[in-house]
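Participant: mind looking at a prediction? Sequence and model below.
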Amino acid sequence: MSVFDEFLSTPEMLELFGAPSMLQSMLDFEAALARAEADAGLIPQGAADAIAGACRVEEFDVAAIVAASRGAGSLAIPLVKQLTAAVARADAEAARHVHLGSTSQDVIDSALVLVTRRALGLLERDLDRLIEALFALADVHGEAPLLARTLLQPAQVVSLGFKVANWLAPLLRGRERLRAQAALALQLQLGGAVGTLSVLGAHGPAVARRMADALRLRLPDAAWHTQRDEWIALGAAVGVLCGSLAKLARDWSLLCQGEVGELAEPSDKGRGGSSAMPHKRNPVASMLALAAGQRVPLRVAALLATMAQEHERGLGNWQAELAEWAQLFGAAHGGLKALADAATLGLEVDAARMRENIERQHGLVYAEAVSARLAATLGKAHAHARVEAWSRTVAREGRPLRAVAEAELAADDAGRRIIAAADWPVLFDAELAAEPARRLAAAQLDALRERWRAAMGARDA
């Protein structure tokens, strides 16, 4: 892994998918296998105790195992060799029972499931922090009028709460999607050479059940050596979450632009500085999430490509999947944790700048409201054409839309009757214009809070 991979990930996730963590999880599988086989009467209890007692990664030469795995074609082969030697030093008879009835893919897949469960815990922890911080942002600043943009151009007036709700909803759905898919994908892998558990004979199902219980994994109907659908679907769910995070980060970064200035990421402890320009305040959390949004789709595409695995055991594709999996989680956590940290430290909201940016549009953001009022008298098509012509005048001359419209309508008696003098301030009031968005946001945020409280209750149960 390059220094740039490390920069875009987190130390916690890198450690989880590092060699010591992965090898310990493989040893946890071997210990559970031995104990389950002893319970089933397949091996002596003393042998199981000797094997389990040797399953401590700190007693192994991790670097030698990793180095040997390339020539062996599997990380499991040199690990089992070292484990067998370690057990033999304490009990030569017990060494005969190491890895009995299992195969390399069983131990590696199950270990990766164990590591992934912890990785999902990291994602959920920081996703929860981000969601909490966004709810708090809506509580404090949600009423503030904000310029909505479509196709990167000023559109209408909404509220910040309306925008926050649009950030929150996909994150809550993403959290639910991850949990639902994890419930299917976090399962034991135990099939033996070709998935039949032939070495274990009639004891195979009992051994598998005991192992699943010991490792707290779901027991599948059969080995999934080349049935990768539920596993890859979990990876795709991580990818979808990263897409939602990238959307949020894209909005943050645009709102943080100096010429917009409506939002700013925290700048404590040197965050977002520049090596050349002392004034810079770069949105580095958004940057990391956007980088994940660029990389993760490629990881998910690669995972999908590895699904065409041959017969009962894949050649090259399963091995590629393992590497892509680690990179997927590394990038995902890098972006997610950066956003959660920034949101928790506190995004700076400039409500005055939001109002200023609305006013800088010379009233054009109220054009639809003016057109709707005219349509009651002139008809929709005629009203639209008239306001469109006024808008071109505003763009050309820099005069406010209200002034252009009032002047033209005041030119004749019929025009003065279309919009009463008392109605003009109502049509061009930012607070009133934001009301539809506020109502929608309030309802959506209330529903999201209920969903969130239910999720927290399920988490803490």
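Facilitator: Perfect, I can see it now. Numbering: from 1, shown residues only.
Participant: the protein - how does it break down into domains?
Facilitator: Following automatic domain parsing, the chain resolves into domains at 1-6+13-102+193-221, 103-187+224-360+433-461, 364-427.
Participant: using a markdown table, lay out the ones you listed together with mean pLDDT and mean neighbour count.
Facilitator: All C-beta spots, glycine's among them, are computed from the backbone N, C-alpha and C. Listed next are these as a markdown table, based on pLDDT from 0 to 100; neighbours: other CB atoms under 10 Å:
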| stretch | mean pLDDT | mean neighbour count |
| --- | --- | --- |
| domain 1-6+13-102+193-221 | 96 | 18 |
| domain 103-187+224-360+433-461 | 94 | 18 |
| domain 364-427 | 90 | 15 |
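Participant: determine the longest helix present in this structure.
Facilitator: helix 104-141 (DSSP state H).
Participant: ok, residues contacting the next helix or strand along the chain from that one?
Facilitator: Counting by DSSP states H and E, the next helix or strand C-terminal to helix 104-141 is strand 145-150. The contact list for strand 145-150, computed with CB atoms under 8 Å, 6 or more residues apart in numbering, reads 154-160, 162-163, 254, 262, 354-355, 357-358, 361, 365, 430-431, 433-434, 437.
Participant: mind saving the C-alpha coords of the next helix or strand after strand 145-150 as CSV?
Facilitator: Next helix or strand after strand 145-150 toward the C-terminus (DSSP H and E): strand 153-159. Only the C-alpha atoms of strand 153-159 are listed here, as CSV (Å, rounded to 0.1, in the frame of the first residue of the first chain):
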residue,chain,number,x,y,z
GLN,A,153,-27.0,28.4,-11.6
PRO,A,154,-29.1,30.4,-9.1
ALA,A,155,-32.7,29.0,-9.0
GLN,A,156,-35.0,29.8,-6.1
VAL,A,157,-34.9,30.5,-2.4
VAL,A,158,-35.1,27.5,0.0
SER,A,159,-33.8,27.0,3.5
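Participant: ok, and what's touching strand 153-159?
Facilitator: Counting by CB under 8 Å, 6+ apart, 142-149, 358, 361, 364-366, 368, 430, 433-434, 437-438, 441 sit against strand 153-159.
Participant: partner strands of it, parallel or antiparallel?
Facilitator: strand 145-150 (antiparallel) (DSSP bridges).
Participant: so which elements touch the helix or strand that contains residue 167?
Facilitator: If you go by DSSP H and E, residue 167 is part of helix 160-185. If you count contacts as 3 or more CB pairs under 8 Å, 6 or more residues apart in numbering; DSSP states H and E, helix 160-185 packs onto helix 104-141, strand 145-150, helix 229-255, helix 435-460.
Participant: one more time with 7 Å, if that's ok
Facilitator: Helix 160-185 sits against helix 104-141, helix 229-255, helix 435-460, with contacts defined as 3 or more CB pairs under 7 Å, 6 or more residues apart in numbering; DSSP states H and E.
Participant: format these as TSV; extra columns: distance to residue 295.
Facilitator: Listed next are these as TSV, based on distance: least, CB to CB, whole Å:
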stretch	distance to residue 295
helix 104-141	16
helix 229-255	9
helix 435-460	28
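Participant: residues in contact with the residue nearest in space to the middle of the chain?
Facilitator: Computing the C-alpha centroid of the chain and ranking residues by CA atoms, centre = their mean puts residue 241 first, at 3.3 Å. Shown in contact with residue 241 (CB atoms under 7 Å, 6 or more residues apart in numbering): 174, 178, 332.
Participant: can I get those in JSON lines with distance to residue 214?
Facilitator: As requested, those are exported to JSON lines (distance: CB to CB, whole Å):
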{"residue": "174", "distance to residue 214": "31"}
{"residue": "178", "distance to residue 214": "24"}
{"residue": "332", "distance to residue 214": "29"}
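Participant: do I have it right that residue 120 meets residue 183?
Facilitator: No. With contact defined as CB atoms under 7 Å, residue 120 does not count as touching residue 183 (10.8 Å).
Participant: what touches both of these two?
Facilitator: Residues touching both residue 120 and residue 183 by CB under 7 Å, 6+ apart: none at all.
Participant: and after the helix holding residue 167, which helix or strand comes next?
Facilitator: helix 204-215.
Participant: neighbouring contacts of that next one?
Facilitator: Here helix 204-215 makes contact (CB under 7 Å, 6+ apart) with 28, 32-33, 35-37, 39-40, 114, 188, 190, 197, 200, 218-219.
Participant: go on, stretch 225-237?
Facilitator: 105, 177-178, 181-182, 184-185, 191, 195, 300, 303-304, 307, 309, 312-314, 325, 328.
Participant: and if you look at stretch 55-64?
Facilitator: In contact with stretch 55-64 (CB under 7 Å, 6+ apart) are residues 19, 20, 23, 24, 27, 28, 30, 31, 82, 86.
Participant: hmm, try it at 10 Å
Facilitator: With contacts defined as CB atoms under 10 Å, 6 or more residues apart in numbering, stretch 55-64 is touched by 18-32, 34, 53-54, 65, 67-68, 78-79, 81-83, 85-87, 98.
Participant: endpoint to endpoint, that stretch covers what distance?
Facilitator: Terminal residues of stretch 55-64 lie 16 Å apart, using CA to CA, to the nearest Å.
Participant: just how off-centre is it within its chain?
Facilitator: Mean-position distance between stretch 55-64 and its chain equals 33 Å (CA atoms, centre = their mean, to the nearest Å).
Participant: also stretch 340-348?
Facilitator: Its chain's average C-alpha position is 17 Å from that of stretch 340-348, according to CA atoms, centre = their mean.
Participant: what does that stretch rub up against?
Facilitator: Contact with stretch 340-348 is made by 125-134, 136-137, 140-141, 167, 245, 248-249, 252, 255-256, 261-269, 271-272, 281, 283-286, 288-289, 333, as judged by CB under 10 Å, 6+ apart.
Participant: contacts only, for residue 451.
Facilitator: By CB under 10 Å, 6+ apart, the contact set of residue 451 is 168, 169, 172, 173, 175, 176.
Participant: ok, now residue 320?
Facilitator: Residues counted as contacts of residue 320 (CB under 10 Å, 6+ apart) are 302, 303, 305, 306, 314.
Participant: quick one: residues contacting residue 401.
Facilitator: With contact set as CB under 10 Å, 6+ apart, residue 401 has these partners: 361-367, 370, 387, 390-391, 393-395, 427-428.
Participant: can you flag which of the residues you listed belong to helices?
Facilitator: Going by DSSP H, the helices hold 367, 370, 387, 390, 391, 393, 394, 395, 427 from the contacts of residue 401.
Participant: next, give me the two most distant ones among these.
Facilitator: Across these, the longest distance by CB to CB is 19.0 Å; it joins 395 and 427.
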